[in-house]
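Peer 1: Pasted the sequence and its predicted model underneath.
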Amino acid sequence: MTARGVASFLILAAGVAATSWAADVAPTAKPAADQSMADSTLIARGAELAAIGNCASCHTHPEGKSFAGGRPIKTPFGTLYSTNITPDNETGIGKWSAEDFLRAMHDGVAPGRRNLYPAFPYDHFTRLTDNDVEAIYAFVMTREPVRLTAPPNQLAFPMNLRSALSVWKVLFLERGAYRPDPQQDAEWNRGAYLVEGLGHCGACHTPRNAMGAEEHTRDFDGGQSEGWDAPALNSSSPAPSAWTAEQLYAYLRQGRDENHGTAVGPMKPVVDNLSQVPESDVRAIARYVAWRMNRGQLVRVAATSSDSAQTVIGDGEAIFRGACASCHEAEASGGPIRSGRTVPLSLTTSVNAPDARNAIHIVLEGIWPDAGEKGAFMPPFEGAFTEQQLAALLGYVRSRYARGPAWSDLPKQVRAIMHTGQKQ
């Protein structure tokens with residue numbers, strides 16, 4: 001945040017904090033209900049909704065128990081630690097009533113008049129119906145209680161002041177359940193409801209302003225997530241081949257589409273979750289996203305390169321021939337691609353993206369199927385290349401297989417990811 005932005009934020013905070021959003025922080029209406037006898041159908045629906053919302057991914061530490069929180073979430077303002085949402089009475093949400101849970105989901109307020117940070121995407125969850133929130137509540141309140149206190153957040157001033165979040169809400173929180181578009185059919189509206197609300201796709205795929213809010217004039221124009229580039233899901237999509245609803249369905253349901261690539265990085269747990277929910281919901285999501293991506297005409301920019309860049313690209317070609325051609329040999333030699341073995345590099349979003357970070361992560365970390373399952377595999381090359389070699393390799397791949405211009409900041413991004421801990 002700029003100095004001017006901080007100053008403006010503090011001035012607003014001084015004027016608003018005293019009111020403390022009285023409408024949002026009404027006392028808890030009643031103690032938490034006993035969920036031991038909750039309707040099994042409601043719990044099952046809540047499990048499906050929680051999967052679409054990717055709840056476990058954020059609320060589970062990589063080495064911890066499901067939904068027990070403690071996972072570090074890095075932001076431009078510092079590090080947050082996710083909440084324990086198991087029904088433990090002391091360290092979780094065991095004492096929360098259904099009304100408490102609804103208020104947290106819709107208004108970003110926890111019991112005790114405590115504003116929640118929007119890393120918990122209540123700016124999307126506010127679109128959910130009360131019935132869907134009730135189902136999610138029934139699900140989480142019947143999980144195994146886990147006694148675990150998350151570490152304290154490490155945030156810079158003024159974002160470490162929860163009272164200041166009241167100002168953030170005045171500026172950026174638009175409350176209200178999703179309203180169906182009468183001009184569209186039921187499947188389209190279901191997809192819009194899940195994408196804009198529970199799935200909170202824009203939380204990663206929309207750029208954010210200096211105060212960490214999504215820039216809604218640039219919805220789905222591309223963003224960042226956990227050090228990865230989240231590509232645009234609108235007409236600015238970097239995919240060289242336009243996505244169809246059927247291709248998006250295959251990618252979201254199975255984690256792979258032969259014309260676009262394999263889900264990696266932060267998208268991997270998303271597709272793992274979507275493999276467990278009703279097919280109709282995934283098809284609705286795919287249809288809505290495809291509609292957004294195809295509303296405008298995609299403009300391509302021809303690649304250009306300087307003489308000095310050609311020297312680096314030449315080095316990269318030699319590295320490619322030695323390290324990559326054994327798997328990508330058919331495309332590298334202009335021959336036919338063997339279906340199912342590799343996705344052509346010319347079709348992958350990571351190679352065609354305007355930002356190099358996803359390609360860097362994939363080369364360093366590889367692609368791995370889940371244990372015991374078949375899937376795309378690429379060995380990791382961490383430690384195999386120097387900064388200069390990796391930059392040269394990716395520079396060659398970009399110039400050879402992408403339609404866009406060279407990545408101007410490629411050496412800088414390679415250095416940052418290899419040496420400053422940006423790898424996840």
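Peer 2: That came through fine. Numbering: from 1, shown residues only.

Peer 1: For the rest of this, base every contact and every neighbour count on C-alpha atoms.
Peer 2: Noted.

Peer 1: Would you map the helices across the stretch 1-150 of the chain?
Peer 2: 3-16, 40-52, 55-58, 98-107, 122-125, 130-140 (DSSP state H, counting those that start in this stretch).

Peer 1: Out of those, which gets nearest to Arg287?
Peer 2: helix 40-52 (15.5 Å; Cα to Cα).

Peer 1: for the closest one, what is the average pLDDT?
Peer 2: Helix 40-52 comes out with an average pLDDT of 96.

Peer 1: Dump the helices of the stretch 1-150 of the chain to CSV, plus distance to Arg403 and mean neighbour count.
Peer 2: What follows is those, written out as CSV (distance: least, Cα to Cα, whole Å; neighbours: other Cα atoms under 10 Å):
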stretch, distance to Arg403, mean neighbour count
helix 3-16, 38, 14
helix 40-52, 33, 20
helix 55-58, 34, 20
helix 98-107, 42, 22
helix 122-125, 34, 26
helix 130-140, 43, 21
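
Peer 1: Just send the ones you listed back as JSON lines, with distance to Leu165 too.
Peer 2: Supplementary listing: the helices of the stretch 1-150 of the chain in JSON lines, determined by distance: least, Cα to Cα, whole Å:
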{"stretch": "helix 3-16", "distance to Leu165": "8"}
{"stretch": "helix 40-52", "distance to Leu165": "25"}
{"stretch": "helix 55-58", "distance to Leu165": "21"}
{"stretch": "helix 98-107", "distance to Leu165": "11"}
{"stretch": "helix 122-125", "distance to Leu165": "12"}
{"stretch": "helix 130-140", "distance to Leu165": "23"}
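
Peer 1: Quick one: closest of these to His361.
Peer 2: Closest approach to His361 among the helices of the stretch 1-150 of the chain is made by helix 55-58 (19.4 Å; Cα to Cα).

Peer 1: What is the neighbour count of Ile73?
Peer 2: 15 (other Cα atoms under 10 Å).

Peer 1: burial of the nearest residue to it once chain neighbours are set aside, as a residue count?
Peer 2: Closest residue to Ile73 apart from its sequence neighbours, by Cα to Cα, 6 or more residues apart in numbering: Leu80 at 5.0 Å. A count of nearby residues for Leu80, using other Cα under 10 Å, gives 21.

Peer 1: From what I see, Leu80 and His59 are in contact.
Peer 2: No. Leu80 is beyond contact range of His59, at 11.5 Å (criterion: Cα atoms under 8 Å).

Peer 1: so what does the host helix or strand of Cys204 touch, helix or strand wise?
Peer 2: In the assignment (DSSP states H and E), Cys204 maps to helix 202-205. If you count contacts as 3 or more Cα pairs under 8 Å, 6 or more residues apart in numbering; DSSP states H and E, helix 202-205 packs onto strand 223-225.

Peer 1: Sketch out the low-pLDDT regions of the stretch 1-150 of the chain for me.
Peer 2: The stretch 1-150 of the chain contains residues with pLDDT under 70 at 1-38.

Peer 1: can you check the stretch 201-350 of the chain too?
Peer 2: 296-314, 329-342.

Peer 1: And the strands in it, which stretches?
Peer 2: With strands called from DSSP state E, counting those that start in this stretch, the stretch 201-350 of the chain shows them at 223-225, 228-230, 256-257, 261-262.

Peer 1: looking at those, which is buried most?
Peer 2: Comparing those by mean neighbour count (mean count of other Cα atoms under 10 Å), strand 228-230 ranks first with a mean of 24.

Peer 1: Mind listing residues that contact that strand?
Peer 2: Cys204, His205, Gly222, Gly223, Gln224, Gly265, Pro266, Asp355, Arg357, Asn358, His361 (Cα atoms under 8 Å, 6 or more residues apart in numbering).

Peer 1: switch to 6 Å and redo it
Peer 2: For strand 228-230, contacts defined as Cα atoms under 6 Å, 6 or more residues apart in numbering pick out His205, Gly222, Gly223, Gln224, Arg357, Asn358.

Peer 1: what's the pLDDT at Val414?
Peer 2: Listed pLDDT for Val414 reads 88.

Peer 1: chain center to the helix or strand hosting it: distance?
Peer 2: Val414 belongs to helix 410-419 when assigned by DSSP H and E. Chain-centre distance of helix 410-419: 22 Å, with Cα atoms, centre = their mean, to the nearest Å.

Peer 1: what does stretch 77-96 give?
Peer 2: 21 Å.

Peer 1: Can you point out the buried residues in it?
Peer 2: Applying a neighbour-count criterion of 16 or more other Cα atoms under 10 Å, one finds 77, 79-88, 91-96 buried in stretch 77-96.

Peer 1: Which ones among those residues lie within strands?
Peer 2: Thr79, Leu80, Tyr81 (DSSP state E).

Peer 1: Spit out the contact partners of the first one.
Peer 2: I take that to be Thr79. Ile73, Asn153, Gln154, Leu155.

Peer 1: Those residues, buried ones only, as a PyMOL selection?
Peer 2: The buried subset of the contacts of Thr79, as determined by 16+ other Cα under 10 Å, is captured in PyMOL by this line:
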select buried, resi 155
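
Peer 1: between the contacts of Thr79, which is nearest Phe381?
Peer 2: Among the contacts of Thr79, and counting by Cα to Cα, the member closest to Phe381 is Ile73, at 26.0 Å.

Peer 1: quick one: His124 and Pro182, what's the gap?
Peer 2: Plainly put, His124 is 21 Å away from Pro182 if you go by Cα to Cα, to the nearest Å.

Peer 1: again with Asp130
Peer 2: Counting by Cα to Cα - Asp130 and Pro182 are separated by 21 Å.

Peer 1: Equivalent analysis for Arg162, please.
Peer 2: From Arg162 over to Pro182 (counting by Cα to Cα), the distance is 39 Å.
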